[in-house]
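Trainee: whatever this is, show me its structure:
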Amino acid sequence: MNAPAKIQWPADRFGPETQHWLPRNAGSTLDHIPGEDGLPILGNTLDQLRDYPGFARRMVEKYGRVYRNNSFGGRNVALYGPEANELVMFDRDKIFSSEQGWGPVLNLLFPRGLMLMDFEKHRADRKTLSVAFKPEPMRHYADALNEGIGKRIADWSGRTFPFYPAIKELTLDLAATSFLGIPWGPEADKVNKAFVDMVQASIGIVRVPLPFTAMGRGVKGRAYLVEYFGRMVPERREGSGEDIFSQICRARDDNGDHLSVGAIVDHMNFLMMAAHDTITSSITTLVWQLAKNPDWQDRLREEMLAVAPAGEGVGHNSLGELEMTEWAFKEALRLVPPVPSFPRRALKDFEFGGYRIPAGTSVGVSPAFTHMMAEHWPDPERFDPMRFSPEVARGRHKYAWVPFGGGAHMCLGLHFAYMQAKIFFHHVVTTHRIVVADGYDPEWQILPIPRPKDGLIVTFQPL
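Mentor: Predicted coordinates:
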């Protein structure tokens, strides 16, 4: 996992500085924490990839909610439950580094994105980027989403098809318009391919850019996007475009300065990655849950039709009226959080659950585990959006539901995600019934981002 610091990348900006990273501590410093080391070299990596929720349950049952693990390149410590989430995500004492937690996976291709920044640098860049998610730009994005989603739903009408690849393609196309301000077509296709190659490389086993490997394709994709975004920055900075890219190009920091071209390129690459696969996963989860629970399709349809006519979409100003739709989306995020685990690196010694954990330790908290804790979520396997009604949610631990993270690193685009989901489901549910075959129960791959292995075969039956 320390290999990124040794790689000689083909361009200056592709070799992010990591000398300030705290070295991993010697594995023996965690001997006092109960757990398992698993196989030589691989540790428990394959078990986690095969069945992450099952692996977590087994380890907690055997060792408790603080345990030692050996996976993805070394020993680490898992901390489970809302209290652990609060300690790590809220990070009152600035103990945990998000940059050094996510870096071994993402730093090769998505360096210096918001999730790979800590403390003051993160705060300053986040504040600058937030201009792109203020109400006026969001209204523009809503219009673009309504247009793009409405056209694609019409293409899906009456068909039986694998939903996951279809929504993945749509999400990429929507990102081209809302994020980049470019129309669908050959240019958007080339951008999307480069981006997909980068995402695939970031989770690949081979971590050097050898020819004919995912990492080789990812390096090539990044080089294309660095050049593509970089040459467009001056034009976007002088223009009046309302897409996210243009907004960020024109944004100024507290000193009145624009972000550098390099910073804009890095942030755009990261925002595209962070937004695309997560919303693809979470919308797929809710489609699956609504197909299994047709009564909830009826309940949401009634709410939606009271806000806007069937098939016409819902404007930005009316999104807040889709209250139950939001609860349903939150319940989908609870059942299958798009980021099952959040890694961090401890910068200082700390104590939790009766154990002293030394600086340099890689730690992880798990929304996927917390969201299934029966003491916070009775009958946790059941789809029940009413869990998020104010009267039921009252008194629940603030960090019992954390699909968007928490604290300073709370997802910057969470309101964009809610907006896209509400617009999508208004178009679908007011005009179609989502149907799956009797007895259909697809298997899901949970890591790195949840998806149905067969693509989720659904039918959109016109009403």
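Trainee: show me what contacts the nearest residue to V66 once chain neighbours are set aside?
Mentor: In space, and not counting its chain neighbours, V66 is closest to G353: 3.9 Å by Cβ to Cβ, 6 or more residues apart in numbering. Heads up, the C-betas are built off the backbone N, CA and C, glycines and all. Residues in contact with G353 (Cβ atoms under 8 Å, 6 or more residues apart in numbering) are 64-66, 79, 84.
Trainee: my guess is E321 meets A308, correct?
Mentor: No - taking contacts as Cβ atoms under 8 Å, E321 lies outside contact range of A308: 9.0 Å.
Trainee: settle it for me: which of these two has more neighbours?
Mentor: Using other Cβ atoms under 10 Å as the criterion, E321 and A308 rank with A308 on top: 18 against 15.
Trainee: buried residues in stretch 347-358?
Mentor: 347, 350, 352-353, 355, 357 (16 or more other Cβ atoms under 10 Å).
Trainee: any low-confidence regions in the stretch 1-150 of the chain?
Mentor: 1-17 (pLDDT under 70).
Trainee: can you rerun that using 80?
Mentor: 1-19, 24-27 (pLDDT under 80).
Trainee: give me the neighbour count for H32.
Mentor: H32 is flanked by 10 other residues according to other Cβ under 10 Å.
Trainee: touching, it and Y355? I think so.
Mentor: Yes - here H32 lies in contact with Y355, judged by Cβ under 8 Å, at a distance of 7.0 Å.
Trainee: tell me which of the buried residues of stretch 347-358 fall in helices.
Mentor: The subset of those located in helices under the criterion DSSP state H is empty.
Trainee: just these now: which is nearest L49?
Mentor: Ranked by distance to L49 (Cβ to Cβ), the buried residues of stretch 347-358 are led by I357 at 24.7 Å.
Trainee: may I have stretch 118-129 exported as CSV, CA atoms only?
Mentor: Extracted C-alpha coordinates of stretch 118-129, given in CSV (Å, rounded to 0.1, in the frame of the first residue of the first chain):
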residue,chain,number,x,y,z
ASP,A,118,-7.0,17.6,5.4
PHE,A,119,-7.8,20.4,7.8
GLU,A,120,-7.1,24.0,6.7
LYS,A,121,-6.3,23.2,3.0
HIS,A,122,-9.5,21.1,2.8
ARG,A,123,-11.5,23.9,4.5
ALA,A,124,-10.3,26.6,2.1
ASP,A,125,-10.8,24.6,-1.1
ARG,A,126,-14.2,23.3,0.0
LYS,A,127,-15.4,26.8,0.7
THR,A,128,-14.2,27.9,-2.8
LEU,A,129,-15.9,25.0,-4.5
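Trainee: how about it: buried residues?
Mentor: 118, 122, 125-126, 128-129.
Trainee: okay, the contacts of G353 in a markdown table with secondary structure next?
Mentor: Below are the contacts of G353 laid out as a markdown table (DSSP: H, G, I helix; E, B strand; the rest coil):
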| residue | secondary structure |
| --- | --- |
| G64 | coil |
| R65 | coil |
| V66 | strand |
| L79 | strand |
| A84 | helix |
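Trainee: for the stretch 351-463 of the chain, just list every one of the strands.
Mentor: When secondary structure is read from DSSP state E, counting those that start in this stretch, the stretch 351-463 of the chain shows strands at 355-357, 362-365, 432-435, 444-445, 451-452, 457-462.
Trainee: for the second one, packing partners?
Mentor: Secondary structure elements in contact with strand 362-365, counted by 3 or more Cβ pairs under 8 Å, 6 or more residues apart in numbering; DSSP states H and E, are strand 74-79, helix 98-106, strand 342-346.
Trainee: dump the C-alpha coordinates for it into CSV.
Mentor: The C-alpha trace of strand 362-365 is given here as CSV (Å, rounded to 0.1, in the frame of the first residue of the first chain):
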residue,chain,number,x,y,z
SER,A,362,-4.8,2.7,9.2
VAL,A,363,-8.3,2.8,10.7
GLY,A,364,-11.7,2.3,9.1
VAL,A,365,-15.3,3.0,10.0
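Trainee: begin at 250 from here
Mentor: Understood, numbering begins at 250; the last thing we discussed is strand 611-614.
Trainee: mean confidence for it?
Mentor: Mean per-residue pLDDT for strand 611-614: 97.
Trainee: re the thing from before, now do the shared contacts for H281 and Y604.
Mentor: When contacts are counted by Cβ under 8 Å, 6+ apart, the set common to H281 and Y604 is empty.
Trainee: follow-up on the earlier one: pick the most buried one from the strands of the stretch 600-712 of the chain.
Mentor: Per residue and on average, the most neighbours among the strands of the stretch 600-712 of the chain fall to strand 611-614, with a mean of 23 (mean count of other Cβ atoms under 10 Å).
Trainee: how distant is that strand from the center of its chain?
Mentor: Taking Cα atoms, centre = their mean, to the nearest Å, one finds the center of strand 611-614 at 17 Å from the center of the full chain.
Trainee: note down every partner strand of it and its orientation.
Mentor: Using DSSP bridges, the strands paired with strand 611-614 are strand 323-328 (parallel), strand 591-595 (antiparallel).
Trainee: for these, which one sits closest to A425?
Mentor: strand 591-595 (28.4 Å).
Trainee: rewinding a little: reformat the strands of the stretch 600-712 of the chain as TSV; add distance to V588.
Mentor: Compiled in TSV, the strands of the stretch 600-712 of the chain are given as follows (distance: least, Cβ to Cβ, whole Å):
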stretch	distance to V588
strand 604-606	22
strand 611-614	11
strand 681-684	25
strand 693-694	14
strand 700-701	13
strand 706-711	24
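Trainee: quick one: which of the ones you listed is nearest P592?
Mentor: In terms of Cβ to Cβ, the element of the strands of the stretch 600-712 of the chain nearest to P592 is strand 611-614, at 5.0 Å.
Trainee: contact partners of the closest one?
Mentor: When contacts are taken as Cβ under 8 Å, 6+ apart, the neighbours of strand 611-614 outside the stretch itself are 250, 273, 323-329, 333-334, 337-338, 345, 350, 590-595, 606, 651.
Trainee: just the helices in the stretch 400-549 of the chain please.
Mentor: In the stretch 400-549 of the chain, the helices defined using DSSP state H, counting those that start in this stretch lie at 412-427, 435-451, 463-487, 493-499, 510-541, 543-556.
Trainee: pull out the buried positions in the last one.
Mentor: By that I understand helix 543-556. Within helix 543-556, the residues that qualify as buried by neighbour count (16+ other Cβ under 10 Å) are 545-546, 548-550, 552-553, 556.
Trainee: okay, it in PDB with CA atoms only?
Mentor: Backbone C-alpha positions of helix 543-556 (Å, rounded to 0.1, in the frame of the first residue of the first chain) are rendered in PDB as follows:
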ATOM      1  CA  PRO A 543     -44.800  -2.000  -5.200                       C
ATOM      2  CA  ASP A 544     -46.900  -0.500  -2.400                       C
ATOM      3  CA  TRP A 545     -44.200   2.100  -2.000                       C
ATOM      4  CA  GLN A 546     -44.300   2.900  -5.700                       C
ATOM      5  CA  ASP A 547     -48.000   3.700  -5.200                       C
ATOM      6  CA  ARG A 548     -47.300   5.900  -2.100                       C
ATOM      7  CA  LEU A 549     -44.500   7.800  -3.800                       C
ATOM      8  CA  ARG A 550     -46.600   8.300  -7.000                       C
ATOM      9  CA  GLU A 551     -49.400   9.900  -5.000                       C
ATOM     10  CA  GLU A 552     -47.000  12.300  -3.400                       C
ATOM     11  CA  MET A 553     -45.200  13.100  -6.700                       C
ATOM     12  CA  LEU A 554     -48.400  13.800  -8.700                       C
ATOM     13  CA  ALA A 555     -49.400  16.300  -6.000                       C
ATOM     14  CA  VAL A 556     -46.200  18.200  -6.800                       C
END
